[in-house]
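Trainee: This is a predicted model, with the sequence first.
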Amino acid sequence: MCYVYVHADPIQYEARTRSIRISNVVTTIRLENLFWDVLAEIASREGRTTNQMIATLHQELTALREDNPNFTSFLRVCCLRYLSLPRVDESSQSLASLRTTLLPAPPPALSH
């Protein structure tokens, strides 16, 4: 089982830093290449550039939450949630129509 993971192309887990303009402020985001690839796929489905989609996600997240979560972690979770969605015909369903699947997930219950 581990063979599939251990023998992955090392370029996939190499981190890359990109400059992104969010709310007229240039910031940097560091993610592994595989996450950048998934974000590019999501953006393409939405008809946007990766930077435009990331800026939109940041705006929507800050409008929804008063606290300031780790945005890079948020992007990784978005990628994993996207990959866990059932595959659909790309011509018939955009990311906007998948929001009902992506947004309403409640936070996990913490047990002590």
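Mentor: Nice, thanks for sending it over.
Trainee: what ranges do the strands span in the chain?
Mentor: Counting by DSSP state E, the segments of the chain that form strands are 15-22, 25-32.
Trainee: how about the last one: buried residues?
Mentor: Neighbour-count burial for strand 25-32, with 16 or more other C-beta atoms under 10 Å as criterion, is recorded at Ile29, Leu31, Glu32. Glycine gets a C-beta too; all of them are placed from N, C-alpha and C.
Trainee: so what's Gln52 scoring on pLDDT?
Mentor: Residue-level confidence at Gln52 comes out at 96, pLDDT.
Trainee: circling back: how about the strands of the chain, which one is nearest Met53?
Mentor: Nearest to Met53, of all those, is strand 15-22, at 10.2 Å by C-beta to C-beta.
Trainee: ok, the buried residues of strand 25-32 vs Val6, which is closest?
Mentor: Minimum distance to Val6 across these is 15.7 Å, recorded for Glu32 (C-beta to C-beta).
Trainee: so where's the protein shaky on pLDDT?
Mentor: Along the chain, segments meeting pLDDT under 70 span 1, 88-112.
Trainee: quick revisit: mind putting the strands of the chain into a markdown table with distance to Phe71?
Mentor: Formatted as a markdown table, the strands of the chain follow (distance: least, C-beta to C-beta, whole Å):
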| stretch | distance to Phe71 |
| --- | --- |
| strand 15-22 | 9 |
| strand 25-32 | 7 |
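Trainee: With respect to Leu85, which of the ones you listed lies nearest?
Mentor: Closest approach to Leu85 among the strands of the chain (C-beta to C-beta): strand 25-32, 19.6 Å.
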